[in-house]
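1. Please find the sequence and the predicted model below.
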Protein chains: 2
Amino acid sequence: MTEARSGRPGPRRTLSEQAILDAALALLAELGAERVTIRGLAARVGIAPNAVYTYFPDKAAVLHGLTEQLLGRVHDTQSGESSLPWRDRIHALAHDLRTDLLAHPGSVHLLLGDSMDGPNARAIGTAMLAILADADLDPNAAAHAAHLLNVHILGSVALETTDQAVATDRFQWGLDRLLDGLTTYAATQRDHPRS
Amino acid sequence: MTEARSGRPGPRRTLSEQAILDAALALLAELGAERVTIRGLAARVGIAPNAVYTYFPDKAAVLHGLTEQLLGRVHDTQSGESSLPWRDRIHALAHDLRTDLLAHPGSVHLLLGDSMDGPNARAIGTAMLAILADADLDPNAAAHAAHLLNVHILGSVALETTDQAVATDRFQWGLDRLLDGLTTYAATQRDHPRS
DNA sequence: ACCTGAACACCGTTCAAGT
DNA sequence: ACCTGAACACCGTTCAAGT
């Protein structure tokens, strides 16, 4: 939305939107979500707080860009591996997403407070749909299933306690129940194609 | 934790913790979660902002009490109805919880930011476990299943968009896949009791 | 015990002004 | 276009003081 016009640079192009988002990601990783603030961001890149509004219309736009950064990392992590069965691929994708969210304290709440409609969010969504296409689900069910997986991943991380071991156990157990449910659905669809 | 000692009332017991929580709930229902603030609370009950700290140690404690209020409402809504099959009872409980959360804008994020270990939270948890006891799940699986349901309900509401119709559709579809997965698990447990 | 006024250390955001 | 200083309207929380 906020494109940097390079027709005339101004006094000196000291910064870019990307530089601010990099600072936001660093702030998030180092200090947690509640500390990524306009003023803290400005201080880190060396400008006055209100100068941030030259690059982004408001804080929500910055956070939207930040969640995109976050989701981009996940999408880079899991590229190929299309030879494995679909359940294993879902497991891998879910695990990657969860791990990345846990590495950035409070990032789940950032995602949950965001629209998550950026290009990287869509990329992950289509990656899920591509995997689910191998699960014998019709397009409508696949879309529902992709959303269901998002709910499980984000919801699990958001409800996570300090005990990492039992949290991981719960996450995997729930994911398997969920995938079992999808398998059951695919089977009934195969038997009764138009009910 | 913060008990009101009645050994000597002070100048005049003008307020109570409950009065503040009532104000918090009203503020939540009328203006949304981001507007339930210490200062707004104080203004509504007619005291100075810092006087709130006579009743609660900090804002987190107020929000904890508020989520308890919220969960108490749900628990009152669904009391009996133990004659129905367990799937229907889970459906009813999940529906009640979701409806109540949707009625209070932003309340999900309040719950997700809270420990949810108060008496009303536990009451809902044990209510879930009681229902799941009829689903042929061993105690460990039942505990996992209760958490899985919480993740689905809270996660679904947190990811909800403006389109109420498709949101409800997605919620119910996912819940059914999930319950199918639990049913499958119960069946395999019945066949292989100690694997 | 309960309440107040004043203050501290923060927020996001806007405005007028400079280059 | 990009940046600044100053200000506005907020926060949560603490402190000293009054009853």
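-> Nice, I can see it.

2. hmm, stretch A:49-69 in reach of chain B?
-> No. Stretch A:49-69 lies out of reach of chain B by C-beta under 8 Å from any C-beta of the partner chain, never closer than 12.3 Å. C-beta here means a position set from N, CA and C on the backbone, and glycine is covered the same way.

3. What about residue A:73, how many residues nearby?
-> Neighbour count for residue A:73, taken as other C-beta atoms under 10 Å in any protein chain shown: 15.

4. which non-adjacent residue is nearest it?
-> residue A:100 (5.8 Å; C-beta to C-beta, 6 or more residues apart in numbering or on different chains).

5. State the helix or strand in which that neighbour lies.
-> helix A:86-103 (DSSP states H and E).

6. Could you point out which residue ranges in chain A have low pLDDT?
-> A:1-13, A:78-81, A:193-195 (pLDDT under 70).

7. Can I get the helix holding residue A:100 as CSV, trimmed to CA atoms?
-> The C-alpha coordinates for helix A:86-103 follow below in CSV (Å, rounded to 0.1, in the frame of the first residue of the first chain):
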residue,chain,number,x,y,z
TRP,A,86,0.3,-35.5,3.1
ARG,A,87,0.1,-36.1,6.9
ASP,A,88,3.8,-35.8,7.3
ARG,A,89,3.9,-32.7,5.3
ILE,A,90,1.2,-31.1,7.4
HIS,A,91,3.1,-32.1,10.5
ALA,A,92,6.2,-30.5,9.1
LEU,A,93,4.5,-27.3,8.2
ALA,A,94,2.6,-27.1,11.5
HIS,A,95,5.8,-27.7,13.4
ASP,A,96,7.7,-25.1,11.6
LEU,A,97,5.0,-22.5,12.1
ARG,A,98,4.7,-23.3,15.8
THR,A,99,8.5,-23.2,16.4
ASP,A,100,8.8,-19.9,14.7
LEU,A,101,6.0,-18.4,16.8
LEU,A,102,7.5,-19.7,20.0
ALA,A,103,10.8,-18.2,19.1
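
8. Identify each buried residue in it, please.
-> Neighbour-count burial for helix A:86-103, counted by 16 or more other C-beta atoms under 10 Å in any protein chain shown, picks out A:86-87, A:89-91, A:93-98, A:100-101.

9. And for stretch A:140-148?
-> A:141, A:142, A:143, A:144, A:145, A:146, A:147, A:148.

10. among these, which are in strands?
-> In strands, judged by DSSP state E, none of the buried residues of stretch A:140-148 are found.

11. okay if I get those residues as JSON lines plus distance to residue B:117?
-> Shown next, in JSON lines, are the buried residues of stretch A:140-148 (distance: C-beta to C-beta, whole Å):
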{"residue": "A:141", "distance to residue B:117": "36"}
{"residue": "A:142", "distance to residue B:117": "37"}
{"residue": "A:143", "distance to residue B:117": "36"}
{"residue": "A:144", "distance to residue B:117": "32"}
{"residue": "A:145", "distance to residue B:117": "32"}
{"residue": "A:146", "distance to residue B:117": "32"}
{"residue": "A:147", "distance to residue B:117": "29"}
{"residue": "A:148", "distance to residue B:117": "27"}
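
12. which residue sits closest to residue A:71 in space, ignoring its chain neighbours?
-> residue A:120 (4.0 Å).

13. who touches the one you found in this structure?
-> A:68, A:71, A:72, A:75 (C-beta atoms under 8 Å, 6 or more residues apart in numbering or on different chains).

14. Please name the residues that touch residue A:21.
-> A:62, A:65, A:66, A:69.

15. for chain A, which helix is longest?
-> Using DSSP state H to define each element, chain A has its longest helix at helix A:164-191.

16. between that one and helix B:164-191, how big is the angle?
-> On the basis of axes from the mean of the first three to the mean of the last three C-alpha atoms, to 10 degrees, helix A:164-191 is oriented at 100 degrees to helix B:164-191.

17. sorry, back to before: for the contacts of residue A:120, which one is nearest residue B:155?
-> residue A:71 (16.8 Å; C-beta to C-beta).
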